[in-house]
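K.L.:
build me a model from this:
(one chain, ligands or ions: 1)
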Amino acid sequence: MPKLHLITYGCQMNEYDSERVAGLLKHERYELTDSPEDADLILLNTCAIREKAEDKVYSELGTLKRLKARRPELLIGVMGCMAQLRQGAIQARAPQVDLVFGSPAIARVGELVARARSERRGVLETGEGPLVKITAKPDGASRLKAFVTVMEGCEKHCTFCVVPTTRGRERSHTPAAIVAEITGLAAQGCREVTLLGQTVNAYGRDLDPPTDLAALLERVDAIDGIARIRFTTSNPYNLTSRLIRAIRDVPKVVEYLHLPLQSGSDRILERMNRGYTVARYLELIAELKETVPDLALSTDLIVGFPGETEDDFARTVEAVEEVGYDNVFAFRYSRRPGTPAAEMADQVPEAVKAERNTRVLAAAVRVGAARSGRLVGREMEILVDGASRKDATQASGRTRCNRVVNFDAAGRDLTGEIAHVRITEALPHSLRGELVPRSADRLAAVGSSA
Ligand code: SAM
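P.N.:
Residues are numbered from 1 along each chain as shown. Prediction:
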């Protein structure tokens, strides 16, 4: 059987796409291998969101060039966002690449690989394609947690971002297709799904009849076996009171929301074309906290966007403190080809970006520690992932608010179960806890001691 080695960069959507590709190629009799040396086909599923992501791919292609020199029959393919953005430029710079294709062509990966093998000249496929829900998976892919892409593309046109170019128009999968996919995952033991979309809270408005994410969450909630539902990424511009109420009211939807702010300065938000002000964002945060008091919040921030002054940056730090995020992802602005911000005159020096990045992360760590500290003493539901990576005698899992908790499971394998754990200590990257006997156990103990 021919062997496939897959290297995945970037976001959760890429992880999802890679699994689909492995599943489709399984039908072409390819089996997965962890070793590039053993592979007949190596596919790099790429990211183009920042320059660094592209640098990593070219560096890997350099390594693979040496492998191909030894084994000329090896096929190398580049797929995903960088393929869509750079197209023919990839093979021009890295002629060892046999195949380049974007995400719309994933459904045809089998045919494209066969073409690359028979034609023995660079195959390039980066056109638009019909929206297809692919549910193929490689062997052994069943797991407790799964990503499910519910919509493709993005039409937001933030001035810094390549996603509208790399992932095309916004298109939602039908609720029926999504429910069928998740029902299948649940039948294989999946307990938690994360619904994915670039602007996931714009889900369904392009469907006929239109629907929305709140309605989809209710449909997914009804699927037996699924214990938790997450969704990402939400855009503040599309956040509705109806969705906020769904976070409170739909039982399996967790109390966690990732809501990118990007900047705490109105001037910068406008230059980014984000479509909201800081005041509007904070209004949403107030509504979220009032409706879902235990909600954990995380965000994305960009530091050093063109024209960002020290004062603009100080407002971003202020916003981090005011919101009280559980987690912050801070990125140094990266100039992306074809985006309006790349052409803006007042680019910020790299050293300033690096220094601001360090400062905002220090604020985020402070705020995050205070947020996790408040959990000490509380009893929480933990979805158990298995043994802790650092200490096999400990079980490890996550709270509904997405914190890692390690605890002594008293020798029981609770993998896949919801355990009740009292939090005893907050560490920088995780929590420690102790198993609380389930009420049935407690009742039995009371009965036997009476
Ligand atoms: N679609 C989502 C949104 O707009 O909120 C997020 C998508 S993007 C994959 C994840 C994050 O990468 C963004 O929220 C942003 O903070 C960051 N990002 C995007 N373009 C960037 C750039 N040119 N430089 C630095 N960070 C960038």
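
K.L.:
which stretches in the stretch 201-350 of the chain count as helices?
P.N.:
Remark: helices assigned in the stretch 201-350 of the chain by DSSP state H, counting those that start in this stretch are 213-221, 241-249, 266-272, 278-291, 310-323, 350-373.

K.L.:
please identify which of those is closest to Pro104.
P.N.:
Nearest of the helices of the stretch 201-350 of the chain to Pro104, taken as C-beta to C-beta: helix 213-221 at 22.6 Å. From N, CA and C alone the C-beta is placed, and that goes for glycine too.

K.L.:
can you pull out the residues in contact with the closest one?
P.N.:
Helix 213-221 has contacts (C-beta atoms under 8 Å, 6 or more residues apart in numbering) with 150, 175, 178-179, 182, 193, 195, 200-201, 203-204, 226, 229, 231, 240, 242-243, 245-246, 250-253.

K.L.:
and the residues you listed, which are buried?
P.N.:
150, 175, 178, 182, 193, 195, 200-201, 203-204, 226, 229, 231, 243, 246, 250, 252-253 (16 or more other C-beta atoms under 10 Å).

K.L.:
hmm, back to that, turn the helices of the stretch 201-350 of the chain into CSV, including distance to the ligand and mean pLDDT.
P.N.:
CSV is the format used below for the helices of the stretch 201-350 of the chain (distance: least, C-beta to the nearest ligand atom, whole Å; pLDDT from 0 to 100):
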stretch, distance to the ligand, mean pLDDT
helix 213-221, 14, 98
helix 241-249, 15, 98
helix 266-272, 9, 98
helix 278-291, 12, 98
helix 310-323, 12, 98
helix 350-373, 9, 97
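
K.L.:
how about those in JSON lines, adding distance to Leu259?
P.N.:
Putting the helices of the stretch 201-350 of the chain into JSON lines (distance: least, C-beta to C-beta, whole Å) gives the following:
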{"stretch": "helix 213-221", "distance to Leu259": "13"}
{"stretch": "helix 241-249", "distance to Leu259": "11"}
{"stretch": "helix 266-272", "distance to Leu259": "14"}
{"stretch": "helix 278-291", "distance to Leu259": "7"}
{"stretch": "helix 310-323", "distance to Leu259": "9"}
{"stretch": "helix 350-373", "distance to Leu259": "14"}
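
K.L.:
and the pLDDT for Gly129?
P.N.:
We have a pLDDT of 83 for Gly129.

K.L.:
show me the contacts for the residue nearest to the spatial centre of the chain.
P.N.:
For the chain, the residue nearest the mean C-alpha position is Gln12 (3.4 Å; C-alpha atoms, centre = their mean). Gln12 sits next to 147, 194, 196, 232 when contact means C-beta under 8 Å, 6+ apart.

K.L.:
what's the spacing between it and Ala116?
P.N.:
27 Å (C-beta to C-beta, to the nearest Å).

K.L.:
now do the contacts for Ala39.
P.N.:
Applying C-beta under 8 Å, 6+ apart, the residues near Ala39 are 3-5, 33, 74.

K.L.:
tell me the contacts of the nearest residue to Thr211 once chain neighbours are set aside?
P.N.:
Counting by C-beta to C-beta, 6 or more residues apart in numbering, Gly204 is the residue found nearest to Thr211 once chain neighbours are left out, at 3.7 Å. Contact analysis of Gly204 by C-beta under 8 Å, 6+ apart lists 151, 172, 175, 210-213, 215-216.

K.L.:
mind giving me the ChimeraX select for these, buried ones only?
P.N.:
The following ChimeraX line selects those of the contacts of Gly204 that are buried, judged by 16+ other C-beta under 10 Å:
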select :151,172,175,211,212,213,216
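
K.L.:
quick one: name the residues of this protein near the ligand.
P.N.:
11, 49-50, 154, 156, 158, 160-161, 163, 198-199, 233, 235, 260, 262, 300, 302, 331, 333-334, 336 (C-beta under 6 Å from any ligand atom).

K.L.:
so which strand or helix has the residue nearest to His173 when sequence neighbours are not counted?
P.N.:
Leaving aside its chain neighbours, His173 sits nearest to Lys133 (5.1 Å; criterion: C-beta to C-beta, 6+ apart). Here Lys133 is covered by no helix or strand, with elements defined by DSSP states H and E.

K.L.:
what about Lys133, distance to the ligand?
P.N.:
Noted for Lys133: a distance of 20 Å to the ligand, by C-beta to the nearest ligand atom, to the nearest Å.

K.L.:
which residues sit against stretch 171-183?
P.N.:
Outside of stretch 171-183, the residues that reach it under the criterion C-beta under 8 Å, 6+ apart are 131, 133, 135, 148-153, 190, 193, 195, 197, 203-207, 211, 215-216, 219-220, 223, 226.

K.L.:
mind running it again at 7 Å?
P.N.:
Stretch 171-183 has contacts (C-beta atoms under 7 Å, 6 or more residues apart in numbering) with 131, 133, 135, 148, 150-153, 193, 203-204, 206-207, 211, 216, 219-220, 223, 226.

K.L.:
buried residues, stretch 71-88. List them.
P.N.:
Residues of stretch 71-88 classed as buried: 74-87 (neighbour count, 16+ other C-beta under 10 Å).

K.L.:
contacts made by it with the rest, please.
P.N.:
With contact meaning C-beta under 7 Å, 6+ apart, stretch 71-88 is reached by 10, 14, 17, 39-48, 54, 57, 64, 67-68, 90, 96-103, 113, 116-117, 124, 126, 162, 165-167.

K.L.:
then stretch 229-239?
P.N.:
156, 192-196, 198-202, 213, 217, 220-221, 252-254, 256-260, 275-276, 281, 284.

K.L.:
ok, now with 6 Å
P.N.:
Identification of contacts with stretch 229-239 by C-beta atoms under 6 Å, 6 or more residues apart in numbering yields 193-195, 199-202, 220, 252-254, 258-259, 275-276, 281, 284.
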